[in-house]
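S.K.: I need the structure of the sequence given here:
(chains A, B, C and D)
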Number of protein chains: 4
Amino acid sequence: MARERMKVAVLGATGAVGQRFVQLLANHPWFELAEVAASDRSAGKPYGEATRWLLSGGAPREVAGRMVLPAEPSAVRSGLVFSALGSDVAGETEEAFRAAGRTVVSNAANFRTHEEVPLVIPEVNPEHLALVPPQRGRYGGAIVTNPNCSTIGLCLALDPLRRAFGLKRVQVTTLQALSGAGYPGVSSMDILGNVLPEIAGEEEKLGREPAKIFGTLANASVEPAKLVVSAQCNRVAVRDGHLLSISVELSRPVGVAEAAEVFLAFRSPLLDLGLPSAPEKPVSLNREFARPQPVLDGDAGGGMTVTVGRLAPCPVLGLRFVALAHNTIRGAAGNTILIAELMAERGLL
Amino acid sequence: MARERMKVAVLGATGAVGQRFVQLLANHPWFELAEVAASDRSAGKPYGEATRWLLSGGAPREVAGRMVLPAEPSAVRSGLVFSALGSDVAGETEEAFRAAGRTVVSNAANFRTHEEVPLVIPEVNPEHLALVPPQRGRYGGAIVTNPNCSTIGLCLALDPLRRAFGLKRVQVTTLQALSGAGYPGVSSMDILGNVLPEIAGEEEKLGREPAKIFGTLANASVEPAKLVVSAQCNRVAVRDGHLLSISVELSRPVGVAEAAEVFLAFRSPLLDLGLPSAPEKPVSLNREFARPQPVLDGDAGGGMTVTVGRLAPCPVLGLRFVALAHNTIRGAAGNTILIAELMAERGLL
Amino acid sequence: MARERMKVAVLGATGAVGQRFVQLLANHPWFELAEVAASDRSAGKPYGEATRWLLSGGAPREVAGRMVLPAEPSAVRSGLVFSALGSDVAGETEEAFRAAGRTVVSNAANFRTHEEVPLVIPEVNPEHLALVPPQRGRYGGAIVTNPNCSTIGLCLALDPLRRAFGLKRVQVTTLQALSGAGYPGVSSMDILGNVLPEIAGEEEKLGREPAKIFGTLANASVEPAKLVVSAQCNRVAVRDGHLLSISVELSRPVGVAEAAEVFLAFRSPLLDLGLPSAPEKPVSLNREFARPQPVLDGDAGGGMTVTVGRLAPCPVLGLRFVALAHNTIRGAAGNTILIAELMAERGLL
Amino acid sequence: MARERMKVAVLGATGAVGQRFVQLLANHPWFELAEVAASDRSAGKPYGEATRWLLSGGAPREVAGRMVLPAEPSAVRSGLVFSALGSDVAGETEEAFRAAGRTVVSNAANFRTHEEVPLVIPEVNPEHLALVPPQRGRYGGAIVTNPNCSTIGLCLALDPLRRAFGLKRVQVTTLQALSGAGYPGVSSMDILGNVLPEIAGEEEKLGREPAKIFGTLANASVEPAKLVVSAQCNRVAVRDGHLLSISVELSRPVGVAEAAEVFLAFRSPLLDLGLPSAPEKPVSLNREFARPQPVLDGDAGGGMTVTVGRLAPCPVLGLRFVALAHNTIRGAAGNTILIAELMAERGLL
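M.R.: Residues are numbered from 1 along each chain as shown, chains lettered A, B, ... in the order given. This next block holds a predicted model:
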């Protein structure tokens, strides 16, 4: 595979998540970032000029000079399209690309709940990609979605426990990073020395998405898992990295030592596939004091590893722990690219 | 009452909580801050020199020039002694003051779990002060304790629901302010743009103290309430104000509207006593977006009001919401002084 | 004076500086905040609803319910109008109010350089208010302007030295707070753990305004002072309080002790006038380590005192020191109100 | 050269700067980190246990398990010793290593002003290393010192102008990062939402060191340059990266365009030597709005490039601009290692 790199496009390439796509796709061994597209405001300008680059190191030189295209199938020619569009425009645009026969792997929320659209964390539910061929049959192209940034961290952190013991009920309180709100996103006046205990729509997504991700594929549709999730979401003054305080009721009582063993023994189901963005450890247990932390652990596994820690008995639900996921890498661009890599490996592109 | 102000002392007066005592006792109508005491390192210096004052406005002028005394009953003469000592020295020192016939109202954790020592939030369990006279009979003096800073916010926020519906199980995740760790406390290198998901000993205190506070007084001892609390504690980059994400199982299912009514109807049981530090509303409901917040709501009621918000159904435990308490005022010095005011009003000083 | 409070209006009342006007005018002994006005987007809504209140404690209850008026002379009837408008609309609007016979005391930059408009720090150049009557003669009403927030801190800090020794050249580097950029203002992604070494237009204002403020009134116009100011401006992650690193060349070499004496001996020229917002000390010297600081000293004198510190010999220009001014009180709303108080006292309203 | 890697030791390896040494020496092509040494408190423990690792990614695995040695010549056997010791112990310890025939390249301040000890920025004054052989003749070993972290940024930023035009007077105001104070260093209570306008001893170092660095080697000693530097130093809430606001008087008036050309034309004098840590551009000009910034530009050139921006005419001294240097890489460990690389290349090790 990958003798010649596949040309890909990023829609919404100038935003905070779009920039992560651009950064992660620079020098990607399988995909060549051939086109960057964005809203009308940016289209027609060189990418480096249209973008207020937010990441250390500056925009990759070979992308900075490229002209930003309008986010329309007539202007963008790549067959594989990554979408970092805002949900206000993603619905219509992604549908147009699908109708034009393209494969859209999207970070937007618009199609996540659609029955025919898979919602995928490659290590968790790769089999849901079976929804792609029927979708292509119906529309010409296909849309595959990436879950919410907090959902990905939660589901990856829970997955070893789910596989070993089965999940029943989950309580999660999030401490979410600023990059999740895009740019300019959260006003500094709102967050300096402060916490915002509400993120519009986030608690609903966290309550809804895990059941689909953990659901069973049957008859070309996903039967949601029986799982109750209650989420309370906070914004904190952190640049990257969503931290989750999690309590979980498993199908039977599980001690800390047993849970720790399960985390330590967990192996990525993707390990043998050689996917470029797949981390060696999708979930890693850190038992040091006050870990994981966004600053120290956010970049684990190139931002693709979810770090868990602070395993303890929970007198209410049984087991509690803390998880950290890099919200714009594993929680957004990185996981989305990993989905596409898995699709490539499976011949779904 | 209070014709002549009662002379009081603060032990541990130079630390972060000690400074709040000094600030709140300046111009107190009932108590006159006559003595400040601290560790040997500070004793013998003028307070203004021994203290790295952390609060806006500087140390009260009349205290700044006073000599810091050693924290010993032979040096400190006030009958009423507020303790802001660290738990490493509080045990021995407070016992010595009690043995010397003094009344110690303490913010330290050392005696909170002692059977003969009340653990008091004046609006919640004023009747527990009945433990004072027998203690005095036995030791000459008495120790009364102030709960942990997060416990106070949690118990005040829960109290209206407890009175109306009864509590069964509570899940709480805290986002705690820096001032709770004292000075120098948390290193800036640990917390700038970061979150620390562990605070030594805090989860145990939150798990243990509410049952005593909500317990029933019987035969000069407190029968703990049957209540399960599970806590996960985080330190965040906030100066003052602990934010709590709370889920609660009540003795029967309660809707959001019903819960809101209970919060709105809640009246301070202390209202008619005229205690100087008692806020009009010990608990206040704010229904605006993303409220309460430390910066905007921490000073509500002079820092003595706990603000709740974000009431929502919890699919796991039934009801969830957010609460905010000023950790060095209501959570420490302010509540401790209020205990003493209540004792004064009841003739227990 | 001030038997009956004068009715006043605030234009641009919903913004960050507008809110400071509203806060400071609540319970003002001479002025009654009778009208709040803002852009078309807010007009017609209750103030409490149209405003995302940013200050601790919430909007004053009596203002929160008041309807926001459009910022036009036909809608706003008060004779004294405070303007917190943005410079994009302030020009036209303030001119309209002046033409309608009103007195506009404005925080906007638009008219600061106009020859017939005074630019006033009441303790520094009260005599410049003599420009008001001729202006009224020409237009019916008058505009009086408040300097840039950093300029005010700089000029007040320099004024004792100027009066004692005369100024020749000034180098200043600013570390400016977020509230100076309004709301939403600076994105949290730009400033968390960061510094922005540029503030659009700020260095020009700091370079230009001091010469006018320190200028001499002659023939109903201001002859600018011969003073060279070079400014470099940075935005830092501070809520309120602009810190200035200042080096100054005086008309003769001045030692640290001599300069300190001058600061300590400085008395407000307004002291005997009884102006409600005039601080006892417009400039206060703090000689402790690492002072002044925004958090500890920003609220000095109710936010109206500029605190200086770190006096030291400067091998390049002669003398260097640090100054701190609360940017939305002394640097904006507070100084503007003080101008109006001085005008009232002088019979200029 | 460098067929076999030279074994090296780091003294003070557990501190904030020591960790940077360890990080930068992992996989160094010329040097093999063979020994880590620290204070008695840490000696005898495995490095990973003795160190509270502050950098993303964790301590290098091969170092984490190594036993920490006491910082004494009898325990540490490497001939080349990097010192990240605190100045309280560096004096005696470094002297002992020199007396034992070792080469000490030190980040500590103790010997920087000694006549026989060079103070080196490899791109600026490599010729000062000529002081090494005579020192070795006298003591057996040698000490070479790395300048203060802010001094390095200042001198590198000034060097292109110095070479082109000559320097006369410099005013600099620093905004310095937290990592410069070590760990735990600055209390979060002192810096959250705040600025500290004083750093003990820093203004003196900045005032003193540039003249030696820019000095002329003559008769085996350094004749200091005739250069006046006035510095005001502030601590800000930034993790890494010291920002400097600089005004400079050159030997003749120089316009912005001319200065920009000089910066753009500047080439590293080390370019042809193939030193592993030498950046392609020691100084890089960024002309975008509000650049350089610590978050975006601190890691330029692997942390070894000083970024300058905001070139403008200064009405007081002639020219002003802003510079940013990574304080623990270029300002400490990175520059120190580069010194040793240059010494290796010159046969001075």
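S.K.: What separation is there between A:Cys149 and A:His326?
M.R.: 9 Å (CB to CB, to the nearest Å). The way it works is simple: take the backbone N, C-alpha and C, and place the C-beta from them, glycine included.
S.K.: what about the two, which has more around it?
M.R.: A:His326 (32 against 28; other CB atoms under 10 Å in any protein chain shown).
S.K.: On the pLDDT front, check the more buried one for me.
M.R.: Here, the pLDDT recorded for A:His326 equals 98.
S.K.: Leaving out the residues flanking it, which one is nearest to it?
M.R.: Nearest residue to A:His326, sequence neighbours excluded (CB to CB, 6 or more residues apart in numbering or on different chains): A:Gly303, at 3.8 Å.
S.K.: Tell me who's in contact with the one you found.
M.R.: Shown in contact with A:Gly303 (CB atoms under 8 Å, 6 or more residues apart in numbering or on different chains): A:240, A:326, A:328-330, A:334.
S.K.: Identify each buried residue in stretch A:275-286, please.
M.R.: If you call a residue buried by 16 or more other CB atoms under 10 Å in any protein chain shown, then stretch A:275-286 has these buried ones: A:275, A:277-279, A:281-286.
S.K.: With respect to chain D, which of those residues is nearest?
M.R.: Distance ranking of the buried residues of stretch A:275-286 against chain D, using CB to the nearest CB, places A:Asn286 first at 9.3 Å.
S.K.: What strand or helix carries the spatially closest residue to that closest one that is not a sequence neighbour?
M.R.: The shortest distance from A:Asn286 to any non-neighbouring residue, by CB to CB, 6+ apart, is to A:Gly309 (4.6 Å). Taking DSSP states H and E as the definition, A:Gly309 sits inside strand A:306-314.
S.K.: Following the chain past that strand, name the next helix or strand.
M.R.: With elements assigned by DSSP H and E, the helix or strand that comes after strand A:306-314 is strand A:318-325.
S.K.: now the angle from the following helix or strand past that following strand to strand A:318-325?
M.R.: Following strand A:318-325 in sequence order, the next helix or strand is helix A:334-345 (DSSP H and E). Interaxial angle, helix A:334-345 versus strand A:318-325 (axes from the mean of the first three to the mean of the last three CA atoms, to 10 degrees): 80 degrees.
S.K.: Please enumerate the helices of chain A.
M.R.: A:16-25, A:47-50, A:61-64, A:87-99, A:132-139, A:149-165, A:188-191, A:202-213, A:256-265, A:294-297, A:334-345 (DSSP state H).
S.K.: From chain D, how far off is the residue sitting furthest away from the middle of chain A?
M.R.: Within chain A, A:Pro315 marks the point farthest from the mean C-alpha position, 31.4 Å out by CA atoms, centre = their mean. Separation of A:Pro315 from chain D (CB to the nearest CB, to the nearest Å): 31 Å.
S.K.: So that residue is in contact with B:Leu227, correct?
M.R.: No - the pair A:Pro315 / B:Leu227 is not scored as a contact, 10.2 Å apart, by CB atoms under 8 Å.
S.K.: before we move on, the earlier item: okay, the buried residues of stretch A:275-286 in JSON lines with distance to B:Pro122 and pLDDT next?
M.R.: Below are those laid out as JSON lines (distance: CB to CB, whole Å; pLDDT from 0 to 100):
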{"residue": "A:Leu275", "distance to B:Pro122": "61", "pLDDT": "98"}
{"residue": "A:Ser277", "distance to B:Pro122": "57", "pLDDT": "98"}
{"residue": "A:Ala278", "distance to B:Pro122": "57", "pLDDT": "98"}
{"residue": "A:Pro279", "distance to B:Pro122": "53", "pLDDT": "98"}
{"residue": "A:Lys281", "distance to B:Pro122": "51", "pLDDT": "97"}
{"residue": "A:Pro282", "distance to B:Pro122": "50", "pLDDT": "98"}
{"residue": "A:Val283", "distance to B:Pro122": "46", "pLDDT": "98"}
{"residue": "A:Ser284", "distance to B:Pro122": "47", "pLDDT": "98"}
{"residue": "A:Leu285", "distance to B:Pro122": "44", "pLDDT": "98"}
{"residue": "A:Asn286", "distance to B:Pro122": "42", "pLDDT": "97"}
